[in-house]
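Undergrad: got a sequence here, can you build the structure:
(one chain, ligands or ions: 1)
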Amino acid sequence: MKIFLDTANIKSIKFYNDMGLIDGVTTNPSLLAKEKDNPHKIMKSISNMMDKGDVSLEVIGTTSSEMIKEGRQLKQYGDNVVVKCPMTADGLIACKKLTSENIPVNITLIFSSNQAILAAKSGAKYISPFIGRLDDIGNDGINIIGEIKQIFQNYDYNTQILVASVRHPMHVIQSAKIGADAITMPPKILDKMIQHNLTTIGLNNFLSDWKKIK
Ligand code: E4P
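TA: Got it, this is the predicted structure:
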C-alpha cells in the first residue's frame with residue numbers, strides 16, 4: 001500500500017520524505033490555507049521535493065473548462081503532478097479530458113461506491129474516498145473501501161483506491177487488510193504508526209540495564 005502524506009507543510013514533507021517513508025503527497029485548498037507562503041509556491045516546491053512520488057494538487061475552478069485549464073497549469077509544476085478534481089459532473093468531464101492528454105487525475109470528495117464507479121469510468125488514476133468524514137456523520141466509512149475494491153476487481157478497473165480523510169491508525173490497518181492501493185494521512189497519524197508505548201518502555205529498560213553492567 002502506498003503511503004501519501006496529507007499536508008501542505010513543507011517541513012513535515014521533508015522530514016518524512018528524508019526518512020524514506022512516503023510515496024507521495026496529497027494537498028487540498030484547506031491544507032494550503034493553513035500555511036503562510038503563497039499556495040502556488042508551496043505546490044511547486046512540493047512537486048520538486050517529491051522527485052518521482054505522486055503529488056496531488058487540487059483545482060479551484062468549478063466548471064469543466066476552468067478545471068481543464070487549471071489542471072494543465074498545475075501539471076507544469078512537475079511530471080509527478082496528479083490533478084485533483086472534485087466528484088461533480090464537471091469534475092468527471094475534466095477528468096476524461098485531462099486523462100486523454102496524459103495528465104493523471106485524482107477524483108476527490110468520493111463518498112459512495114456509485115461515485116467511485118463513475119470516476120473510474122472517467123479514467124481517474126486515483127479516487128479518494130473520504131472515510132473519516134463518513135464516520136463523522138455516523139456511517140462506517142471503511143465499508144465503502146471494501147465495496148469499491150470488490151467492484152474494481154470485478155471489472156478490472158485500473159483506477160487506484162486512495163483512502164483519504166484518515167482519522168486514526170486503525171483506518172490504516174483496515175485499509176491495508178482490504179488491499180487499498182494507497183492511503184493518505186496527516187503527519188500525526190504517521191507518527192502514531194511509528195510509536196508504541198511498549199517500544200518506549202522496552203527501550204528504556206534495555207538502556208538502564210546496560211548501564212548496570214560493570
Ligand atoms: C484527501 O486528499 C484530503 O486532503 C483529506 O484526506 C481530507 O481529510 P479531512 O477529512 O481530514 O479534511
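
Undergrad: dump stretch 180-187 to CSV, keeping only the CA atoms.
TA: Extracted C-alpha coordinates of stretch 180-187, given in CSV (Å, rounded to 0.1, in the frame of the first residue of the first chain):
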residue,chain,number,x,y,z
ALA,A,180,-6.4,-0.4,-0.8
ASP,A,181,-3.8,0.7,-3.3
ALA,A,182,-2.9,3.8,-1.3
ILE,A,183,-3.7,5.8,1.8
THR,A,184,-3.1,9.4,2.6
MET,A,185,-2.7,10.5,6.2
PRO,A,186,-1.8,13.6,8.2
PRO,A,187,1.7,13.6,9.7
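
Undergrad: list the contacts of it.
TA: 1-7, 9, 12, 15-16, 23-24, 26, 56, 126, 128, 145, 149, 160-164, 166, 171-172, 175-176 (Cβ atoms under 8 Å, 6 or more residues apart in numbering). All C-beta spots, glycine's among them, are computed from the backbone N, C-alpha and C.

Undergrad: one more pass at 6 Å, please.
TA: Where contact means Cβ atoms under 6 Å, 6 or more residues apart in numbering, the residues beyond stretch 180-187 that reach it are 1-2, 4, 6-7, 12, 26, 145, 160-164, 166, 172, 175.

Undergrad: for stretch 54-67, same thing?
TA: Contacts of stretch 54-67 (Cβ under 6 Å, 6+ apart): 24-28, 43, 46-47, 70-71, 74, 80-82, 84-85, 90, 93-94, 106.

Undergrad: pull the most distant pair out of the contacts of stretch 180-187.
TA: 12 and 145 (24.9 Å; Cβ to Cβ).

Undergrad: name the helices or strands packed onto the lengthiest helix in the chain?
TA: Longest helix in the chain, counting residues (DSSP state H): helix 197-212. For helix 197-212, there is no helix or strand it packs on, judged by 3 or more Cβ pairs under 6 Å, 6 or more residues apart in numbering; DSSP states H and E.

Undergrad: could you give the mean pLDDT of whichever strand or helix holds residue 17?
TA: Assigned by DSSP states H and E, residue 17 belongs to helix 10-18. Helix 10-18 shows a mean pLDDT of 96.

Undergrad: from the chain's centre, how far out does that helix sit?
TA: Put simply, helix 10-18 sits 15 Å off its chain's centre (Cα atoms, centre = their mean, to the nearest Å).

Undergrad: can you give the contact residues for whichever helix or strand comes after that helix?
TA: Using DSSP H and E, the helix or strand that directly follows helix 10-18 along the chain is strand 24-26. With Cβ under 6 Å, 6+ apart as the contact definition, strand 24-26 has outside contacts at 4-6, 13, 46, 50, 53-56, 184.

Undergrad: that'll do, ta.
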